[in-house]
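Chemist: 3D, please:
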Amino acid sequence: MQLLIPLILFAFPAQSTPTQFIERHGELEFSGRMIVRPVSNAPASAVSRLDNLVIRHFPETREYVVSVPEGMTENTLAAAWMATGDYEYVEPDWLCFPLGDPNDPEYGNQWHHVNMESSQGWDLITGDSNQIISWCDTGVDHGHPDLAANLIPGYNAPDQLEEVHGGDTSDINGHGTHVAGCFGAIGNNGVGVAGVTWNMKLMPVRVSNSPSGGAYLSDILDGARWAVDNGAKTVSASYSGVENSSVGTTGTDIKLKGGLFFYAADNSGRNHSSFDYPDTIVVGATDSADQKPSWSSYGKAIDVASPGVGILSTVVGGGYQAWSGTSMATPVANGVAAMIFAVNPWFTPDQVQARLYASCDDIGAPGEDDVHGHGRVNLRKAVQAGLSGDLVLSVTPLVAGSQATLSLSGGTAGQVVWFANSLSGSSVYQIPGAMTTVGLDAPNIIAQVITSGSGTASFSRQLPASAAGLDVWLQAVTIGDSSNLHTEQIQ
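Modeler: Below you'll find the model as predicted:
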């Protein structure tokens, strides 16, 4: 199997000359097709101009896939149509390729779980057997012992055919099986390796029918939207093509549908600072020393970094190999976000995205930077971040024999607030009736209060003298939300 290291679209800034699309053989290749998105208030001529050229129409994103007319090229068509002012973008429907091994790795045996503190995260949760995680790739080895039990029917995007109706999702290249194991290899089963999440439903979306793994960008993005339409909370693509506007459009559509979309930064070592998607999470790679490999692209577009060098995972035929690339980093980040959803399935995509970013280890310049984005993903911190909602709990010093006051802010007027504690520690405690999760093991409700007109609430209690030395975990809960988890030893 030959793994290609695709480079991304190289487009010159539109100043004195129009944007020029440059293909790179075996990386991004022209396909004779374009992705076109009319502006929201476009005249009827913007659509009629596409007559007899349309291959597919995606109403959810207002995009059309069209053939390049005879006598024109991708560049001349884009220049002519963009000059009308009727379109947000007219870009090639690139033939994209899987992002593979850059051939300079230092392999280790799942070193990334140490860096990500995965075992501490798994102490709290190992996944959710009712949750679906998905990936757009070359298919999957349905018989692999570390994947088979959790696989569910998926979709073949080139054939527009669901697996339940005969769509083929077997791995035509091998890349997709390795990607699957990065996030979904079954853990604690005495076989092989452990993915980020051990027991989620794995939904394969095959986006290529070519042994090379090459895929139309429109098929990759259609497959991602299909996955979320069919229940996936998170979906990732480990392909070239990240610079194209449709990648950002699809991320926004997926978020509106309740999911999150991850896309690989690519292995070209380029500065991706000409774009920055609000809703598509772009993933760069790190090595075991938390450094960016030379081949991992960087720039303003990078949202998070994730382990991507020598990642031991599943391969076709039931075996295991260590591969490197943003292809590996992206599904690892996908798995971490999926675990936040597993902790609190009532979170919105925006809430999960915020917690993913906030829980990263800030390994570069302080704050968000152009090399690691918000930092390198950390599974322990992500799971713990999922235990807290958006309410703010503050607590006066806890002193035995003295009065303590718990105060809540950030609520809405007239809400019921339950203040709760635990003396036995933290765990994932889901409360379906309140549509939220708390981080209390065997929680005990200690007060019920109604919020004021400004959305605040508080209560006070005298602590018994015998409480000195006890560790206590405190949290507040409302319908649909919870507070930060406060931990303190009573003095």
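Chemist: ok, residue 330 - how many residues close by?
Modeler: Close neighbours of residue 330, defined as other C-beta atoms under 10 Å, add up to 32. Placement of C-beta: from N, CA and C, glycine included.
Chemist: now do residue 413
Modeler: Per other C-beta under 10 Å, the neighbour tally for residue 413 reads 11.
Chemist: helices or strands up against the least confident helix or strand in the chain by mean pLDDT?
Modeler: Lowest mean confidence among the helices and strands of the chain (mean pLDDT, DSSP states H and E): strand 28-29, at a mean of 89. Secondary-structure packing of strand 28-29 (3 or more C-beta pairs under 8 Å, 6 or more residues apart in numbering; DSSP states H and E): strand 95-96.
Chemist: next helix or strand past the strand it packs on?
Modeler: Where DSSP states H and E defines the elements, the next helix or strand beyond strand 95-96 is helix 112-115.
Chemist: quick one, what contacts residue 456?
Modeler: Going by C-beta atoms under 8 Å, 6 or more residues apart in numbering, residue 456 touches 407-409, 411.
Chemist: if we can go back for a sec, pLDDT on the next helix or strand after the least confident helix or strand of the chain, on average?
Modeler: The C-terminal neighbour of strand 28-29 among helices and strands, as given by DSSP H and E, is strand 33-38. Across strand 33-38, pLDDT averages out at 97.
Chemist: just give me how far stretch 256-265 sits from the chain centre.
Modeler: Distance, stretch centre to chain centre, for stretch 256-265: 5 Å (C-alpha atoms, centre = their mean, to the nearest Å).
Chemist: now residue 314: how far from residue 121?
Modeler: 21 Å (C-beta to C-beta, to the nearest Å).
Chemist: look at the residue lying closest to residue 110 once chain neighbours are set aside and report its pLDDT.
Modeler: Distances taken as C-beta to C-beta, 6 or more residues apart in numbering place residue 312 nearest to residue 110, at 5.1 Å, with adjacent residues excluded. With respect to pLDDT, residue 312 scores 94.
Chemist: before we move on, which element is residue 312 in?
Modeler: Take DSSP H and E as the rule and residue 312 turns out to sit in strand 311-315.
Chemist: tell me the strands beside that strand, with direction?
Modeler: Here strand 311-315 is paired, per DSSP bridges, with strand 319-323 (antiparallel).
Chemist: output the partner strand as PDB, nothing but the C-alphas.
Modeler: C-alpha atoms of strand 319-323 as PDB (Å, rounded to 0.1, in the frame of the first residue of the first chain):
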ATOM      1  CA  GLY A 319      -2.600  -6.500  12.800                       C
ATOM      2  CA  TYR A 320      -1.100  -3.300  14.200                       C
ATOM      3  CA  GLN A 321       1.300  -0.700  12.900                       C
ATOM      4  CA  ALA A 322       2.700   2.600  14.000                       C
ATOM      5  CA  TRP A 323       2.000   5.400  11.500                       C
END
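Chemist: list the buried ones in it?
Modeler: Within strand 319-323, the residues scored as buried using 16 or more other C-beta atoms under 10 Å are 320-323.
Chemist: hmm, back to that, list the contacts of the strand holding residue 312.
Modeler: 107-110, 112, 141, 144, 146-147, 174, 177-182, 185, 192-193, 195, 320-324, 328-329, 332.
Chemist: any idea how far residue 187 is from residue 111?
Modeler: Taken as C-beta to C-beta, the span from residue 111 to residue 187 is 16 Å.
Chemist: what of residue 386?
Modeler: Using C-beta to C-beta, residue 386 is found at 18 Å from residue 187.
Chemist: tell me which of these two has more neighbours.
Modeler: Using other C-beta under 10 Å as the criterion, residue 386 and residue 187 rank with residue 386 on top: 28 against 20.
Chemist: do you know the pLDDT at the more buried one?
Modeler: Reported pLDDT for residue 386: 97.
Chemist: tell me what angle the strand or helix carrying residue 332 forms with strand 311-315.
Modeler: Taking DSSP H and E as the criterion, residue 332 maps to helix 326-343. Inter-element angle recorded for helix 326-343 and strand 311-315: 90 degrees (by axes from the mean of the first three to the mean of the last three C-alpha atoms, to 10 degrees).
Chemist: what average pLDDT does helix 326-343 get?
Modeler: Averaged across helix 326-343, pLDDT comes to 98.
Chemist: so how far is residue 225 from residue 411?
Modeler: 35 Å.
Chemist: repeat that for residue 378.
Modeler: 29 Å.
Chemist: equivalent analysis for residue 368, please.
Modeler: With distances taken as C-beta to C-beta, residue 368 is found 28 Å from residue 225.
Chemist: next one: residue 271
Modeler: 29 Å.
Chemist: which one of these two is surrounded by more residues?
Modeler: Neighbours were counted for residue 271 and for residue 225 using other C-beta under 10 Å; residue 225 has more, 22 against 13.
Chemist: show me where pLDDT drops low in the protein?
Modeler: By pLDDT under 70, the weakly predicted segments of the chain are 1-19, 100-108.
Chemist: what are the ranges of the helices in it?
Modeler: In order along the chain, the chain carries the following helices (DSSP state H): 44-48, 74-82, 112-115, 118-122, 175-184, 217-229, 245-256, 326-343, 349-358, 379-385.
Chemist: TSV please, covering the ones you listed and showing distance to residue 204.
Modeler: Shown next, in TSV, are the helices of the chain (distance: least, C-beta to C-beta, whole Å):
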stretch	distance to residue 204
helix 44-48	34
helix 74-82	31
helix 112-115	22
helix 118-122	23
helix 175-184	7
helix 217-229	9
helix 245-256	17
helix 326-343	12
helix 349-358	22
helix 379-385	23
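Chemist: ok, which of these comes nearest residue 21?
Modeler: For residue 21, the closest of the helices of the chain is helix 74-82, at 5.5 Å, according to C-beta to C-beta.
Chemist: next, the angle from the closest one to strand 33-38.
Modeler: Using the same axes, to 10 degrees: helix 74-82 against strand 33-38 is 10 degrees.
Chemist: could you list the alpha-carbon positions for helix 74-82 in CSV?
Modeler: The C-alpha coordinates for helix 74-82 follow below in CSV (Å, rounded to 0.1, in the frame of the first residue of the first chain):
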residue,chain,number,x,y,z
GLU,A,74,-11.0,25.3,-13.4
ASN,A,75,-9.2,28.6,-13.2
THR,A,76,-10.9,30.3,-16.1
LEU,A,77,-14.3,29.2,-14.9
ALA,A,78,-13.7,30.4,-11.4
ALA,A,79,-12.5,33.8,-12.7
ALA,A,80,-15.4,34.2,-14.9
TRP,A,81,-18.1,33.3,-12.4
MET,A,82,-16.6,35.0,-9.4
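Chemist: quick one: list the elements packing against it.
Modeler: strand 33-38, strand 87-92.
Chemist: which ones are touching residue 145?
Modeler: 191-192, 318.
Chemist: whoops, residue 377 was the one
Modeler: Contact analysis of residue 377 by C-beta under 8 Å, 6+ apart lists 116, 304-306, 332-333, 336, 356, 359-361.
Chemist: with residue 237 instead?
Modeler: Counting by C-beta under 8 Å, 6+ apart, residue 237 makes contact with 135-137, 207, 220-221, 224, 261-264, 330.
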